[in-house]
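Novice: Could you work out the structure for the sequence below:
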Amino acid sequence: MGPYEEAHAGKGELVTREVVLGVAQLGPVGRHEPRADVTERLLTLLRQGAERGCDLVAFPELALTSFFPRWFIEDGDELNFYYETEMPGPDTKPLFDEALRLGVGFGLGYAELTPDGRRYNSYVLVERDGSVVANFRKVHIPGHSEHEPWRRFQHLERRYFASGPDGFGVWDAFGGKVGMAICNDRRWSETYRVMGLKGAELILIGYNTPLHYAPDPVQSPLGAFHNHLVMQAGAYQNGTWVAGIAKGGCEEGVDSLAQSAVYAPSGQIVAQAVTDRDELVSVCCDLDMCHTYKETVFNFGLYREPHHYAVIAAPKGGGPDAGRAGDGADGAGGGADGAGDGADGAGGGAGDAGGAADDAGETVAASADVEG
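Specialist: Model prediction:
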């Protein structure tokens with residue numbers, strides 16, 4: 001139970017395990033569209049959520065601006081325009097105030113510029129009383145870091161954002177355990193499994209995904225299929241609700257995937273947007289449904305064999321034999337599954353640290369790219 005539930009339970013109010021979730025898809029945001037105008041669009045969707053009885057309204061990745069990594073920007077002031085130096089700031093404070101007035105929480109994707117000059121692709125989770133639950137920073141950064149003029153548009157996330165240093169967390173909020181991920185994070189099974197091991201019951205994933213995939217256009221027609229595939233699998237294999245929230249439509253000449261959706265712990269799509277514009281889709285998520293899967297087919301404590309998974313946490317570039325010695329060394333811990341899970345969690349932390357160090361020393365090839 002999170003702080004919000006504790007406060008209201010003390011007043012004799014019923015605390016349920018159902019969360020009415022609003023998935024607030026956005027249509028295109030113009031390159032020069034004022035933040036105040038975008039915030040008004042968000043407020044409209046938040047109010048629609050309140051009318052439908054939503055507890056939580058989730059917005060997309062980089063919701064406040066156009067998707068600026070599609071441009072090679074050399075001017076520092078122009079680049080800084082797209083980042084938030086505080087959250088809430090002058091343009092986003094009305095959203096926090098309205099959340100408090102309506103009693104509706106929200107999740108919001110934005111570009112974060114920290115006081116020490118670090119740049120992250122971030123997502124903030126806000127409770128129904130306007131308090132910040134947590135701030136997540138995108139882990140898997142796609143795209144490239146140098147200008148590639150041959151492209152129809154750029155995908156310069158690796159130039160404009162660092163990988164989030166904190167990994168994937170799960171927080172007590174909205175009567176359950178809530179996690180966050182952003183765009184390319186959704187393509188990696190480890191994203192869901194780390195949160196699944198921490199007990200996630202609802203995962204919010206905002207995205208901006210162009211329909212044209214420059215490194216291999218053959219994959220372009222499969223964009224919508226791959227989008228649903230990874231989130232359905234992540235939901236089912238970890239017994240959790242997943243919400244995918246798009247900024248879609250044709251933005252500054254680039255067609256982007258819409259199809260925002262909510263996925264049940266069964267892996268089924270239970271609701272989906274039907275436009276590529278601003279649209280709210282609402283679903284009542286029974287968090288207790290998660291345990292139908294967490295306590296049966298995906299009972300981690302009973303069925304996982306983490307002593308066989310060491311290669312997953314090995315540093316990048318280790319090759320197919322990476323972690324083989326770890327498999328043997330960890331075998332002694334594998335007999336007691338609960339102890340093995342604990343050892344696996346500790347190993348995952350070390351792997352994360354190793355990955356961070358590896359990232360810091362890596363030179364990204366200009367041709368390297370993955371989907372957003």
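Novice: pLDDT score assigned to residue 172?
Specialist: Looking at residue 172, its pLDDT stands at 98.
Novice: Which strand or helix spans it?
Specialist: strand 170-173 (DSSP states H and E).
Novice: Break down the chain into its helices, ranges please.
Specialist: Counting by DSSP state H, the chain has helices at residues 3-9, 35-51, 76-80, 93-102, 157-160, 189-197, 223-238, 290-294, 300-303, 324-334, 337-361.
Novice: Just name whatever secondary elements the strand holding residue 172 is in contact with.
Specialist: Packing partners of strand 170-173 (3 or more C-beta pairs under 8 Å, 6 or more residues apart in numbering; DSSP states H and E): strand 132-137, strand 176-182. The C-beta positions use only the backbone N, C-alpha and C, and glycine is treated the same way.
Novice: what about 10 Å?
Specialist: Where contact means 3 or more C-beta pairs under 10 Å, 6 or more residues apart in numbering; DSSP states H and E, strand 170-173 is packed against helix 3-9, strand 119-126, strand 132-137, strand 176-182, helix 189-197, strand 202-207.
Novice: Parallel or antiparallel, which strands does it pair with?
Specialist: strand 176-182 (antiparallel) (DSSP bridges).
Novice: Mind exporting the C-alpha coordinates of the strand it pairs with to PDB?
Specialist: Coordinates of each C-alpha in strand 176-182 appear next as PDB, following Å, rounded to 0.1, in the frame of the first residue of the first chain:
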ATOM      1  CA  GLY A 176      -0.600  -1.800  -6.500                       C
ATOM      2  CA  LYS A 177       2.900  -2.000  -7.800                       C
ATOM      3  CA  VAL A 178       3.600   0.200 -10.800                       C
ATOM      4  CA  GLY A 179       6.600   0.200 -13.100                       C
ATOM      5  CA  MET A 180       7.600   2.400 -16.000                       C
ATOM      6  CA  ALA A 181       9.500   1.900 -19.300                       C
ATOM      7  CA  ILE A 182      10.000   4.000 -22.400                       C
END
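Novice: now that strand, how far from the centre of its chain.
Specialist: Centroid separation for strand 176-182 versus its chain: 7 Å, with C-alpha atoms, centre = their mean, to the nearest Å.
Novice: How about stretch 152-167?
Specialist: Remark: stretch 152-167 is offset 14 Å from the chain centroid, using C-alpha atoms, centre = their mean.
Novice: tell me which residues of that stretch are tucked away?
Specialist: 153-164, 167 (16 or more other C-beta atoms under 10 Å).
Novice: Dump these to CSV, plus distance to residue 265 and pLDDT.
Specialist: CSV is the format used below for those (distance: C-beta to C-beta, whole Å; pLDDT from 0 to 100):
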residue, distance to residue 265, pLDDT
153, 36, 97
154, 37, 98
155, 32, 98
156, 36, 98
157, 30, 98
158, 33, 98
159, 37, 98
160, 35, 98
161, 31, 98
162, 33, 98
163, 28, 98
164, 26, 98
167, 23, 98
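Novice: Redo the residues you listed as JSON lines? Include distance to residue 220.
Specialist: Shown next, in JSON lines, are the buried residues of stretch 152-167 (distance: C-beta to C-beta, whole Å):
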{"residue": "153", "distance to residue 220": "13"}
{"residue": "154", "distance to residue 220": "17"}
{"residue": "155", "distance to residue 220": "13"}
{"residue": "156", "distance to residue 220": "19"}
{"residue": "157", "distance to residue 220": "18"}
{"residue": "158", "distance to residue 220": "21"}
{"residue": "159", "distance to residue 220": "23"}
{"residue": "160", "distance to residue 220": "23"}
{"residue": "161", "distance to residue 220": "24"}
{"residue": "162", "distance to residue 220": "28"}
{"residue": "163", "distance to residue 220": "26"}
{"residue": "164", "distance to residue 220": "28"}
{"residue": "167", "distance to residue 220": "31"}
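Novice: With that, I have no additional questions.
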